[in-house]
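Novice: below: sequence and its predicted model.
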Amino acid sequence: MNKNFINGRWVDASDKAIYKHYAPADLTQITGSWPKSTVADVQHAIETAKEAFKSWRKLTVYQRAEYLRKALSLMQQRIEQIAAVITAENGKTLNESRGEIASAIKEMDYQINEGIRLGGEIMPSERDGVLAYGIRVPLGVVAVISPWNFPFNVPCRKVTPALITGNTCILKPANLTPGVGAAFVKLFDDAGLPAGVLNFLTGSGAVIGQALVENPAIKAITFTGSTEVGMGINKAAADNLTRTQLEMGGKNPLVVLADADLEIAADSAVLAVFACAGQWCTSTSRAVVEEPVYDRFIEMVLDRVKKIKVGKGTDSATTMGPVCGKSQLEDVLDCIEKGKAEGANLVIGGKQIKDKDLANGCFIEPTVFTNVTPRMFIAQEEIFGPVLSVIKAKDFDDAVDIANNVKFGLSSSIYTNDLQKALTFVEKTDVGLTHVNIPTAVKEPQLSFGGVKLSGCGIPEAGHTGVEFFTEHKVAYIKYR
Ligand code: NAP
Ligand code: MG
């Protein structure tokens, strides 16, 4: 099954080229070979999806929902099977992989129902005997470009609302997680989805991703990944007036005020920094701590960090797996060196783990820097690894300024029992989602998910905006008298 999926068939790249995928837990192990797709494959997938759109859009939403519910039911039956693929390709622990699928199940169920609920609006007309109303119609062929950090949940959150509203899709997974993408698509194949409705191409983002986003036949692009690539996609899309939904990087702060319950704050800091080896877009990467509790909070964080068990995701004792691949490993180690060079205090971690069992993998020690100042590189740039920067704030206002003074705006949290400060923080924090006494990474399917500033652009995913992005408004005026 290590193939592309075009027009309902599993096929090789047009020129039969392949690339090899290496396990992040052991780079000497090849997990599989995958098609290195070409621009001609992109063209073929687009033609197929255009053709399939003609009939898919005509089905009632209940008919489309039936296919999606079958795929959802298969997903529920295949949790262990899919979790093993996520752990092999991404590296996260099996429990984290199961958690990712559990989230996908909830989101898919919710988005199918959002599609069924998606209504238009009837308005009173200024004319006598006229019925005036608006309906929602699908866009056509849409491109789904997904990252490696949530390689199952992200495509699911994007493909479900696209299909339920009557669009057809081309999914391009990150080249680091092709097997997870294929396992997702296989659910739809096995559910009997009509040919061409969902197509899947593996290979390089710079080649096939770029060809997809530049093609005028693509009517919408939903993308999750880095800010740099997202900005390039927006530029290419602008030439065709293609709509985009961009979910990108973050530098999420957790603010700890002097009155906070420090046990809870330290627990959630450590969870939100180190889960999935820090590779959540909503991971906490900065702790902004009020002066009176700064030293105590650091001690409590360090006590917890020492208990993290780094290892292979398949080992049940492991609580933190490797980062996802060699270039990720090098990038994170490079950021750590920058932190050291600019004078931050490295209090724990900071190195690649080279113990015999893990020596060939991409394992990094859980890392904490203190005495970080707000303008340092490690206080400003997304590291996307198991690294926390702790910054001291003079008071609440200073903490809010530090939290906001970055180019990103995805998620934030504050830990306090002071209602006035909590609500003032919610008002002032410059992000798409925020939390009080809850970790930065928490999200639920019934609410929209997206960032502001350089973290997000376009109608956000999930909640009711999930389906909104994939439809156009059409209005009708009908004279009946
Ligand atoms: P990435 O390098 O931007 O890649 C994301 C996707 O874009 C991959 O499928 C990639 O393909 C593709 N791509 C690369 N160049 C392209 C181009 N020129 N045209 C079209 N597509 C192209 O990001 P990543 O390294 O996979 O993921 C990590 C980033 O995702 C982090 O910055 C993280 O914060 C962000 N993220 C954000 C959210 C959110 O919701 N805000 C959620 C998760 C992750 P290849 O893999 O083949 O290069
Ligand atoms: Mg990348």
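Specialist: Yep, that arrived. These figures come from a predicted structure and were not determined experimentally. Numbers count the residues shown, from 1 in each chain. Ligands and ions are numbered 1, 2, ... in the order given.

Novice: looks to me like Ala422 is in a helix.
Specialist: Yes - assigned with DSSP: H, G, I helix; E, B strand; the rest coil, Ala422 falls within a helix.

Novice: for it, which residues are in contact?
Specialist: Applying CB atoms under 8 Å, 6 or more residues apart in numbering, we find Ala422 in contact with 414, 416, 436-437. C-beta coordinates here come from the backbone N, C-alpha and C atoms, glycine included.

Novice: strands - which of the residues you listed land there?
Specialist: Among the contacts of Ala422, the members found in strands (DSSP state E) are 414, 436.

Novice: reformat the contacts of Ala422 as CSV; add distance to Ile30 and neighbour count.
Specialist: Below are the contacts of Ala422 laid out as CSV (distance: CB to CB, whole Å; neighbours: other CB atoms under 10 Å):
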residue, distance to Ile30, neighbour count
Ile414, 45, 29
Thr416, 49, 22
Val436, 46, 17
Asn437, 45, 15
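
Novice: ok, and does stretch 457-477 reach over to ligand 1?
Specialist: No - using CB under 6 Å from any ligand atom, we find that stretch 457-477 stays clear of ligand 1, coming within 7.3 Å at best.

Novice: from the middle of its chain, how far away would that stretch be?
Specialist: Here the centre of stretch 457-477 is set off from its chain's centre by 19 Å, with CA atoms, centre = their mean, to the nearest Å.

Novice: how long is it from one end to the other?
Specialist: 33 Å (CA to CA, to the nearest Å).

Novice: how about it: buried residues?
Specialist: Residues of stretch 457-477 classed as buried: 457-463, 465-471 (neighbour count, 16 or more other CB atoms under 10 Å).

Novice: now stretch 353-366
Specialist: For stretch 353-366, the neighbour count (16+ other CB under 10 Å) marks 353, 358, 361-366 as buried.

Novice: just the residues you listed now: which is nearest Ala88?
Specialist: Nearest to Ala88 out of these is Gly361 (CB to CB; 12.1 Å).

Novice: so what's that closest one up against?
Specialist: 23-27, 91, 312, 322.

Novice: give me every residue in the stretch 101-250 of the chain lying close to ligand 1.
Specialist: Contact residues, the stretch 101-250 of the chain versus ligand 1 (CB under 6 Å from any ligand atom): 145-150, 172, 174-176, 204-206, 209-210, 213, 224-226, 229, 232-233, 247-250.

Novice: one more time with 8 Å, if that's ok
Specialist: Within the stretch 101-250 of the chain, the positions near ligand 1 by CB under 8 Å from any ligand atom are 145-150, 154, 172-176, 203-206, 208-210, 212-213, 223-230, 232-233, 236, 247-250.

Novice: so how do I select the buried members of those in ChimeraX?
Specialist: The following ChimeraX line selects those of those that are buried, judged by 16+ other CB under 10 Å:
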select :145,146,147,148,149,150,154,172,173,174,175,176,203,205,208,209,210,212,213,223,224,225,227,229,230,232,233,236,247,248,249,250
